[in-house]
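**Q** Build the 3D model from these lines:
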Amino acid sequence: MEGRRTVMVEDGDEVLCVATSRFREKAFACATERGQLLVFDLRESNNTKASLTCVLSSNEAATSACFHPKDENLAFVSVGMTVREVDLRKLAAEGKAKGGEDEVGRLVCRTEEEVGQCAVSTSGGHLACADDSGTVTVIDLDRQRKGGKAGGSQAVKRLVRDGHQNTICSSVCFRPRQPWDVVSGGLDCAVVLWDFNKARAKLRLTSQSDDPRTSETQVFNPPMVHALAVPNTKSLANHVACARGDASVAVYEICKDAVRRRLLLKSSKGHSSSVGHCCFAEYSADRHLISGGNDGRLVVWNWLQDAEGAEDLVSWSGSHGSKVNWTATLPGSSENVLVADTSNKVSVYTAS
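**A** Next comes the predicted model:
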């Protein structure tokens, strides 16, 4: 990767999450430590001025954000124990939105503990959030809008049994082209596949199923799941990648509620400590996978290539310099990799 430049968030606000939208090819949103949602456009010359700004909280972090896949004007942001829907048209009209609870954004969900991540389905009909109690909450957005109140029993399902009990659920994502499937990952070192329509777990995966020599009780770098990623390319839609605490990225191919193939991306050219985030590369139709770690390294994996070992699957590896919070990609041949770390900057790389 080459051509690194940075987009700076004002006031030293740490960026916790980066979100991209298929409607905005050279734009992205940031969720920050100080409760802000910021939208930047790479086509603009000013690298410190957000085109849209929304202050959702003055005392709680905005831990994650995602765009609605069908409506270019909607974004979802998790703040504290809530998820809010933000209308970007209102931000554009007002220039900057600022207010307390119930003043900025429509309340979509309220959880028992802090939300670590929110995600929206490819159809835009459902939203899921993972919280620190280990619960996965799924909201039927269409039913909720018709029924009114957020948190109504008809629109909300909570996935607990056989999931991440008594531990933090760190990540969640929907499976493309599987309308009732949602996947969660937790600090119990497990990945759980759910049928959220029936509110039941269909499959539970742990690191011991990948390598019998590993154990969830290992003291150093236990394989806790810190992030999940799914490809959008139709032919690859059965795959799920997870960033783990044992310096590896595990990729599962899931067919008919069973694992058909496992791939463990762990290499001397890769990470030396916990992998904090991973994503499939939009610029290469998901043929590459990008991971960022607590060791400050970025790795590009050619995960579809036939190889004897993971060493041969490293397409590029280099030092980013700081612990990575989030990775994301954009389409196009330049400025297509976004990396947020523990600073107030988002680094923009070019990967070919």
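**Q** can you pull the pLDDT of Glu105?
**A** Actually, residue 105 is Gly. It isn't Glu. For Gly105, the model assigns a pLDDT of 86.
**Q** For it, grab the count of nearby residues.
**A** Gly105 has 24 neighbouring residues, counting by other CB atoms under 10 Å. No exception for glycine: its C-beta is placed from N, CA and C like everyone else's.
**Q** ok, now Glu112?
**A** For Glu112, the tally of surrounding residues (other CB under 10 Å) stands at 12.
**Q** when you give positions from now on, start the count at 517
**A** Renumbered: residue one is now 517, and that last one reads Glu628.
**Q** and it, how far is that from Cys645?
**A** Glu628 sits 11 Å away from Cys645, going by CB to CB, to the nearest Å.
**Q** Kindly report the same for Arg605.
**A** Shown here: Arg605 relative to Cys645, a distance of 24 Å by CB to CB.
**Q** So if I had to pick from those two, which one is more boxed in?
**A** More crowded of Arg605 and Cys645, by other CB under 10 Å: Cys645, with 27 against 12.
**Q** What helix or strand is the residue nearest to the more buried one when sequence neighbours are not counted located in?
**A** Nearest in space to Cys645, with sequence neighbours left out and distances taken as CB to CB, 6 or more residues apart in numbering, is Cys634 at 4.4 Å. Element membership of Cys634 [criterion: DSSP states H and E] is strand 631-636.
**Q** Do a quick rundown of the helices in the chain.
**A** Listed in chain order, the helices of the chain (DSSP state H) span 604-610, 657-663, 723-726.
**Q** want to try TSV for these, with distance to Glu827 and mean pLDDT as columns?
**A** Shown next, in TSV, are the helices of the chain (distance: least, CB to CB, whole Å; pLDDT from 0 to 100):
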stretch	distance to Glu827	mean pLDDT
helix 604-610	44	78
helix 657-663	44	89
helix 723-726	17	65
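**Q** Could I get those helices in a markdown table, plus columns for distance to Ala797?
**A** As requested, the helices of the chain are exported to a markdown table (distance: least, CB to CB, whole Å):
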| stretch | distance to Ala797 |
| --- | --- |
| helix 604-610 | 26 |
| helix 657-663 | 28 |
| helix 723-726 | 23 |
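**Q** per-residue confidence at Val735?
**A** With respect to pLDDT, Val735 scores 62.
**Q** And for the one 10 residues further on?
**A** Confidence per residue is given as pLDDT, and for Ala745 that number is 99.
**Q** How about the contacts made by it?
**A** Applying CB atoms under 8 Å, 6 or more residues apart in numbering to Ala745 gives the contacts Cys689, Val756, Ala757, Cys758, Ala759, Cys794, Cys795, Phe796, Leu805.
**Q** Against Leu657, how distant is the nearest residue to Asp603 once chain neighbours are set aside?
**A** Of all residues beyond its chain neighbours, the one nearest Asp603 is Asn589 (5.9 Å), with distances taken as CB to CB, 6+ apart. Spatial separation of Asn589 from Leu657 under the definition CB to CB is 14 Å.
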